[in-house]
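K.L.:
Structure for the following, please:
(chains A, B, C and D)
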Protein chains: 2
Amino acid sequence: MELSATGRVVLGMLAVGPKSGYDIKAIVDHSTRFFWAASYGQIYPELKRLETAGLIAADGREGGRRRTGYRLTAAGAEALRDWLGEPEQIHELRDEGLLKLFFAGVGERDWALEILRSKRDAHAEVARSFRTDIEPLAAGAERFGPLEVLHYGIAYNEFAADWCERAIERVERDEQDGAFGAGEV
Amino acid sequence: MELSATGRVVLGMLAVGPKSGYDIKAIVDHSTRFFWAASYGQIYPELKRLETAGLIAADGREGGRRRTGYRLTAAGAEALRDWLGEPEQIHELRDEGLLKLFFAGVGERDWALEILRSKRDAHAEVARSFRTDIEPLAAGAERFGPLEVLHYGIAYNEFAADWCERAIERVERDEQDGAFGAGEV
DNA sequence: CGATTCATGTAACTTGTTACATGATTAG
DNA sequence: CTAATCATGTAACAAGTTACATGAATCG
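P.N.:
Sure, this is the predicted structure:
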C-alpha cells in the first residue's frame, strides 16, 4: 500500500508510541512542520483511512477525556519499514526570496540588496529561534532522529544566511553598474 | 492587487521581455522550477486574469505560427515593483529525507545510514548536473539574477550533501548502539 | 508526407489550508 | 463559574498536477 504524504508522518508518529490525531498535530507543529506539515483536515481523515486499511488500530486507552487514540498494527509497522527502506525522497522547495532574486536584475542594484537582506534576516532568525527555543528542549533526546534533523535545520538556515551575506558583499563591492541589468522595469 | 503564486513568476518573466504562455513554461522548466514551479494549468488561466486586471497586454507580434504573446503594461510594472519591494518571502520546504531521518531511530542504525546515503547522493547529483549541464549555458548572463540563483542552488545542494556525509561519519563512528533508539518497529 | 515541435486550452483530480461547529474537561 | 485547553470532525475553498483535446507549422 502506497502511503499518502500525511500517512507517512502519521505512521511514523504512531511508531514512536500510541497517539490521537490531536497529539499528532501538536507534535508535528513543533517538529516536522518545517519540512513536512499536516493539518487537522488531513490528519483525521487519514487516521480513518489507515484504520480501514488495517495499518493502525484504536489503542485501548480510556481516560477522563473523550479521545480516539491509535497504535501501529503489524501491517502498519511493515508499511513503515517499506517506506523507510525506499531510497526515493521527495524534495520540494518553494523559495520566494530566490524568485525575487532571479528577477532582481530588471531593477536597480538596491533591489537586489534589499531582497538579499530580507532573506538573510529571515534565515538568521529561524536559526536563532531553533538554537534558543527548541534545541534546549530537544537536547536530551532518547531516540536518534529529531535532534539530528534539528541540527540540519540550524545548519541549513545558517548556510543560507551566510550565503546571502557573502552575496551582499559581492554586490556592494561590485562597482560597475553596467553588470547589473537593463533596468527594464 | 495581490499577485498569485503563478502571477509572480509570469509577471517577472514578462518584465524581462514579451513572451507567450508556452515560452514562460519552457523558461520556468529549466530555471525557476527548482524553487518555483508552474504548469500550463496555472499559466494560461493566469495570463487571462492578468490581462483582465490590466497588468499585461497582448504584444503585437505576428509570426508564422499561432501565438498569443504578452508584454507588461505600466500597471504590471508597478505591481512587479511592489511585489519585489515587499520584504516578505515565502519559504516552504518539503523534504522526505528529513522526515525519514526523523523516524530513523525507531529502527536500527543501518536504516539511518541508508537514508543519509540516499539524501547525500540525491543532493550531490543535483549539484553535479547544475555544474555540468546548466552553468556553462548560464555563464554569459547579461542580467543579474539567474546566475546568482544557480550558484545558490549549487551551494545549497553541496551543503546538504556535505552535511549528510558528516552525519554518516558520526553514525559510523558512534559505537554504542544504545544511543540509537528503542527499536519500536 | 509523416513525425516532431509549437501552441493553447480545459476537465478531472488530488492535495492542502482555513475556518467553523461542537462539546467536554480542567485550571484558576 | 468561566476561560482555556482538549478533542474531533467537516465544509468550503484554494492551489496545483496530469492528461487529454486540438490543430497548425516545420523539418527531414
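K.L.:
So which residues of chain A form strands?
P.N.:
Using DSSP state E, the strands found in chain A span residues A:19-20, A:56-58, A:69-72, A:91-95.
K.L.:
which of those strands sits most buried?
P.N.:
Most buried of these by mean neighbour count (mean count of other C-beta atoms under 10 Å in any protein chain shown) is strand A:69-72; its value is a mean of 22. The way it works is simple: take the backbone N, C-alpha and C, and place the C-beta from them, glycine included.
K.L.:
How about the helix or strand bottoming out on mean pLDDT in chain A, which residues are buried there?
P.N.:
Of all helical and strand segments in chain A, the minimum by mean pLDDT, DSSP states H and E falls on helix A:135-138, at a mean of 79. Residues A:Ala138 are the ones in helix A:135-138 that count as buried (16 or more other C-beta atoms under 10 Å in any protein chain shown).
K.L.:
Show residues contacting it.
P.N.:
With C-beta atoms under 8 Å, 6 or more residues apart in numbering or on different chains as the test, helix A:135-138 has contacts from A:146-147, A:150, A:154.
K.L.:
need these in CSV with neighbour count, can you?
P.N.:
Compiled in CSV, the contacts of helix A:135-138 are given as follows (neighbours: other C-beta atoms under 10 Å in any protein chain shown):
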residue, neighbour count
A:Pro146, 21
A:Leu147, 18
A:Leu150, 21
A:Ile154, 18
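K.L.:
Which of those residues lies at the shortest distance from B:Glu172?
P.N.:
A:Leu147 (17.5 Å; C-beta to C-beta).
K.L.:
which residues sit in contact with the closest one?
P.N.:
Contacts of A:Leu147 by C-beta under 8 Å, 6+ apart are A:138-139, A:141.
K.L.:
at 10 Å what do you get?
P.N.:
Shown in contact with A:Leu147 (C-beta atoms under 10 Å, 6 or more residues apart in numbering or on different chains): A:134-135, A:138-141, B:102, B:105.
K.L.:
out of the contacts of helix A:135-138, who's nearest A:Ile168?
P.N.:
A:Ile154 (21.3 Å).
K.L.:
Identify the spatial nearest neighbour of the closest one, chain neighbours not counted.
P.N.:
The shortest distance from A:Ile154 to any non-neighbouring residue, by C-beta to C-beta, 6 or more residues apart in numbering or on different chains, is to A:Phe130 (4.9 Å).
K.L.:
If you tally nearby residues, what's the number for that neighbour?
P.N.:
For A:Phe130, the count of nearby residues is 20 (other C-beta atoms under 10 Å in any protein chain shown).
K.L.:
A:Asn157 is in contact with that one, correct?
P.N.:
Yes: if you go by C-beta atoms under 10 Å, A:Phe130 and A:Asn157 touch, sitting 7.1 Å apart.
K.L.:
Now do the shared contacts for those two.
P.N.:
Shared contacts of A:Phe130 and A:Asn157 (C-beta under 10 Å, 6+ apart): A:Phe34.
K.L.:
Just the buried residues of the top helix by length along chain A, please?
P.N.:
As assigned by DSSP state H, the longest helix anywhere in chain A is helix A:146-173. Under the neighbour-count criterion of 16+ other C-beta under 10 Å, helix A:146-173 has A:146-150, A:152-164, A:167-168, A:171 buried.
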